[in-house]
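**Student:** only the shape, not the letters, is given here:
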DNA sequence: CTACACCTTCCCATCATGGGAAGGTCAAGA
DNA sequence: TCTTGACCTTCCCATGATGGGAAGGTGTAG
């Protein structure tokens, strides 16, 4: 099948399929006489694997490792678990960082009246680096 | 002061200061006779503002908007709040997405024994797109 | 025969950041 | 004074994953 059909069948865009081939994640697809890439059911299967791993946030490098393990029928599940656990830890770290940002932002947004006046704790914080975000300034906010 | 000192004083790298100038986030710094950029306390103040906004995850475009509002002493706080709230919503969306990924990963990692055997629910899931991740397959795991 | 949809390769853009080269400048020490 | 090392300058390239789009070839249906 053509790349467009493989893309539709796998959920991975044709653009990305070519890209994955270019960076060596996928073996170069065989070509027809017209130089069109030719895919089979096996390739679609592999592309689905990749697409699903991407949805789980695995990087290309991680996916390359997972693909190799997937192809190796005798791999120890330990290897797979290690890759996945490392990725999970990574995501959890990033979630924690973003939650910290979100918490600060929520405080600031909550403290800002958002009306016609210029007074704005958000800018005050950005400016000064959070000098006592409450009390003192929050004496009834005039 | 030189760009290096401004960088040290603001926590924004010299590389980034030049970049911010190049993309128009900062007004071009005045130059000395030797063509070195020359910064003052005001610039450091502005750089700190930018650095802090970056730590809160604001994009360059958002920071440009915030800087403009910051400079405008008569801005309505509504404008600032709108930018911050939109950014917060964006972060919250991304957190939710990552939490969804993390939850799936935790399930998979938890279901994988991680030993010498090849059996691995993680690969099974990536392969098939989560065909009943438990029951059936989880009959005591042999 | 003519559209039109598809394929090919190649280049560019994103976003924020850093690495590094090639070359100019300055200050301190021998 | 000369050297050395730490600065500064600009310019190009890389990241990671994805998409846009151009220029040109191919296949198919009307």
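**Tutor:** Good, I have the coordinates. Nothing here was measured: the structure is a model prediction, and the numbers come from that model.
**Student:** which stretches in chain A count as helices?
**Tutor:** Taking DSSP state H, the helices of chain A run over residues A:3-10, A:14-22, A:41-55, A:60-71, A:77-111, A:121-128.
**Student:** anything in the second one near DNA strand D?
**Tutor:** Yes. Looking at helix A:14-22 against DNA strand D by C-beta under 7 Å from any atom of the strand, the contacts come from A:15-16, A:19. All C-beta atoms are positioned from the backbone trio N, CA, C, and that covers glycine.
**Student:** who wins on neighbours among the residues you listed?
**Tutor:** Within these, most neighbours by other C-beta atoms under 10 Å in any protein chain shown means residue A:16, with 17 neighbours.
**Student:** among the helices of chain A, which comes closest to DNA strand C?
**Tutor:** Checking the helices of chain A against DNA strand C by C-beta to the nearest atom of the strand gives helix A:3-10 as the closest, at 2.5 Å.
**Student:** mean confidence score for the closest one?
**Tutor:** Helix A:3-10 shows a mean pLDDT of 96.
**Student:** got it, and stretch A:34-41?
**Tutor:** On average, stretch A:34-41 scores 95.
**Student:** name the residues of it that are buried.
**Tutor:** A:37, A:39 (16 or more other C-beta atoms under 10 Å in any protein chain shown).
**Student:** alongside DNA strand C, which residues does chain A contribute?
**Tutor:** So far as C-beta under 7 Å from any atom of the strand goes, chain A lies against DNA strand C at A:2-5, A:14, A:18, A:35-37.
**Student:** and those residues, which two are the farthest apart?
**Tutor:** A:5 and A:35 (16.5 Å; C-beta to C-beta).
**Student:** skipping adjacent residues, who's closest to residue A:111 in space?
**Tutor:** Distances taken as C-beta to C-beta, 6 or more residues apart in numbering or on different chains place residue A:121 nearest to residue A:111, at 4.1 Å, with adjacent residues excluded.
**Student:** ok, the one you found to residue A:20 distance?
**Tutor:** 47 Å (C-beta to C-beta, to the nearest Å).
**Student:** between these two, which has more neighbouring residues?
**Tutor:** Using other C-beta under 10 Å as the criterion, residue A:121 and residue A:20 rank with residue A:121 on top: 24 against 18.
**Student:** hang on, that one packs against residue A:109?
**Tutor:** No. Judged on C-beta atoms under 8 Å, residue A:121 makes no contact with residue A:109 at a distance of 9.1 Å.
**Student:** what are the phi and psi values at the spatially most central residue of chain A?
**Tutor:** What sits nearest the mean C-alpha location of chain A, by C-alpha atoms, centre = their mean, is residue A:57, with 4.3 Å. Backbone dihedrals for residue A:57, given as degrees, to the nearest 10, come out at phi 80, psi 10.
**Student:** mind listing what the closest residue to it other than its chain neighbours touches?
**Tutor:** Nearest residue to residue A:57, sequence neighbours excluded (C-beta to C-beta, 6+ apart): residue B:101, at 4.7 Å. Taking C-beta atoms under 8 Å, 6 or more residues apart in numbering or on different chains, we find residue B:101 in contact with A:55-57, A:91.
**Student:** got the residues of chain A near DNA strand D?
**Tutor:** Going by C-beta under 7 Å from any atom of the strand, the residues of chain A near DNA strand D are A:13, A:15-16, A:19, A:32-35, A:54, A:59-61.
**Student:** in JSON lines: those, plus distance to residue A:70.
**Tutor:** Formatted as JSON lines, these follow (distance: C-beta to C-beta, whole Å):
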{"residue": "A:13", "distance to residue A:70": "22"}
{"residue": "A:15", "distance to residue A:70": "24"}
{"residue": "A:16", "distance to residue A:70": "19"}
{"residue": "A:19", "distance to residue A:70": "20"}
{"residue": "A:32", "distance to residue A:70": "27"}
{"residue": "A:33", "distance to residue A:70": "32"}
{"residue": "A:34", "distance to residue A:70": "32"}
{"residue": "A:35", "distance to residue A:70": "29"}
{"residue": "A:54", "distance to residue A:70": "14"}
{"residue": "A:59", "distance to residue A:70": "16"}
{"residue": "A:60", "distance to residue A:70": "15"}
{"residue": "A:61", "distance to residue A:70": "15"}
